[in-house]
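>>> need a structure here:
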Amino acid sequence: MTAKPSIFRGLFCNFDTKKIAMETAELKINLINRIKNLEEPRIIKELQRLLDFELDKDVFELNEEQKKRIVEAKYDEGLSEEQANQEIEKWLKNNLK
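Here you go, the predicted structure:
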């Protein structure tokens with residue numbers, strides 16, 4: 001195995017592409033084996049959702065409210081801990097009935 005020098009984010013580092021590929025292959029085999037043994041439908045569905053998201057190549061479209069919030073966030077100084085806790089409590093009251 002040969003290590004190849006690389007510049008990553010301005011830092012010099014060595015990495016071994018064969019080792020990385022092998023580790024990735026081993027991880028995939030490990031995951032496949034673990035998934036085969038799963039019995040909990042909730043976990044299987046969550047894994048499917050995660051994989052669907054990862055493989056989705058469509059462009060994510062923001063709605064107007066999301067776009068507005070992004071613009072506001074650029075200039076927002078954030079919330080104090082107290083304000084954040086109040087907003088969380090309000091959300092919980094309204095959404096967990």
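>>> Could I get the contacting residues of Ile44?
For Ile44, the contact set (Cβ atoms under 8 Å, 6 or more residues apart in numbering) comprises Ile35, Leu38. (C-beta placed from N, C-alpha, C; glycine too.)
>>> Now the helix or strand where it lies: buried residues?
Taking DSSP states H and E as the definition, Ile44 sits inside helix 41-55. By neighbour count with 16 or more other Cβ atoms under 10 Å, helix 41-55 contains no buried residues.
>>> Kindly spell out which helices and strands sit in contact with the helix or strand following that helix.
Per DSSP H and E, helix 41-55 leads on to helix 64-75 as the next helix or strand towards the C-terminus. Applying 3 or more Cβ pairs under 8 Å, 6 or more residues apart in numbering; DSSP states H and E, one finds that helix 64-75 makes contact with no other helix or strand.
>>> Dump helix 64-75 to CSV, restricted to CA.
Provided in CSV are the C-alpha atoms of helix 64-75 (Å, rounded to 0.1, in the frame of the first residue of the first chain):
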residue,chain,number,x,y,z
GLU,A,64,-41.2,31.4,1.3
GLU,A,65,-41.2,31.2,5.1
GLN,A,66,-37.9,29.2,5.0
LYS,A,67,-36.4,31.7,2.6
LYS,A,68,-37.5,34.6,4.8
ARG,A,69,-36.1,33.0,7.9
ILE,A,70,-32.7,32.4,6.2
VAL,A,71,-32.5,36.1,5.3
GLU,A,72,-33.5,37.1,8.9
ALA,A,73,-30.9,34.7,10.3
LYS,A,74,-28.1,36.5,8.5
TYR,A,75,-28.7,39.5,10.6
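>>> What pLDDT is listed against Lys90?
Lys90 is assigned a predicted lDDT (pLDDT) of 92.
>>> Give me the neighbour count for it.
Look at Lys90: counted by other Cβ atoms under 10 Å, it has 10 neighbours.
>>> what residues are up against it?
Per Cβ under 8 Å, 6+ apart, neighbours of Lys90: none.
>>> Over to Arg42?
Contact analysis of Arg42 by Cβ under 8 Å, 6+ apart lists nothing.
>>> how far away is it from Asn63?
Arg42 sits 29 Å away from Asn63, going by Cβ to Cβ, to the nearest Å.
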